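Colleague: Predicted model, plus sequence, below.
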Amino acid sequence: MEVLHTSDYKALMSFLRDRRSALGLSQPTVGEFAGVTRAHISQCELGQQKPSDEVLLRWAAALGVELRIHRPPTEYLAVAIEEAWP
């Protein structure tokens, strides 16, 4: 299984995991909002799976953050995150 090691991806997953934890939300709850299983959320947080852009957007929304995805002309994912609440 390929592990995703880009620093942007790791930072995003760390942010989403920390935010989920801070809000007291479980992986199954976030998965339900994002339309995926708990296992998929867990694997993404561990860097073992890469969620689709649509899943990422729903996942972030479930955590109360605005996520904008910018794809440069390379394979690397550049992500801009802004918290929806101050």
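Modeller: All right, it came through fine. Residues are numbered from 1 along each chain as shown.

Colleague: Low-confidence ranges, this protein, go.
Modeller: Residues of the chain meeting the criterion pLDDT under 70: 1-5, 71-86.

Colleague: Just the buried residues of the longest helix anywhere in it, please?
Modeller: Using DSSP state H to define each element, the chain has its longest helix at helix 7-22. Of the residues in helix 7-22, Tyr9, Leu12, Met13, Phe15, Leu16, Arg17, Arg19, Arg20 count as buried by neighbour count, 16 or more other C-beta atoms under 10 Å. For the C-beta atoms, the positions are set from N, CA and C on the backbone; glycine is no exception.

Colleague: ok, so of those residues, who is nearest Gly64?
Modeller: Lowest distance from Gly64 to the buried residues of helix 7-22 (C-beta to C-beta) belongs to Arg19, with 7.8 Å.

Colleague: Next one: the closest residue in space to the closest one that isn't next to it in sequence from Gly24, what distance?
Modeller: The shortest distance from Arg19 to any non-neighbouring residue, by C-beta to C-beta, 6 or more residues apart in numbering, is to Leu63 (4.6 Å). To Gly24, Leu63 is 11 Å away according to C-beta to C-beta, to the nearest Å.

Colleague: Mind checking which of those two has more residues around it?
Modeller: Using other C-beta atoms under 10 Å, the more surrounded residue of Leu63 and Gly24 is Leu63, with 22 against 7.

Colleague: In contact with the more buried one, which residues?
Modeller: Contacts here follow C-beta atoms under 8 Å, 6 or more residues apart in numbering; on that basis Leu63 touches Leu16, Arg19, Arg20, Leu23, Leu25, Val30.

Colleague: What does the residue nearest to Arg19 show for phi and psi?
Modeller: Main-chain torsions, Leu63, degrees, to the nearest 10: phi -100, psi 0.

Colleague: show me the contacts for the nearest residue to Ser42 once chain neighbours are set aside.
Modeller: Leaving aside its chain neighbours, Ser42 sits nearest to Gln27 (5.5 Å; criterion: C-beta to C-beta, 6+ apart). Contact analysis of Gln27 by C-beta under 8 Å, 6+ apart lists Arg20, Arg38, Ile41, Ser42, Glu45.
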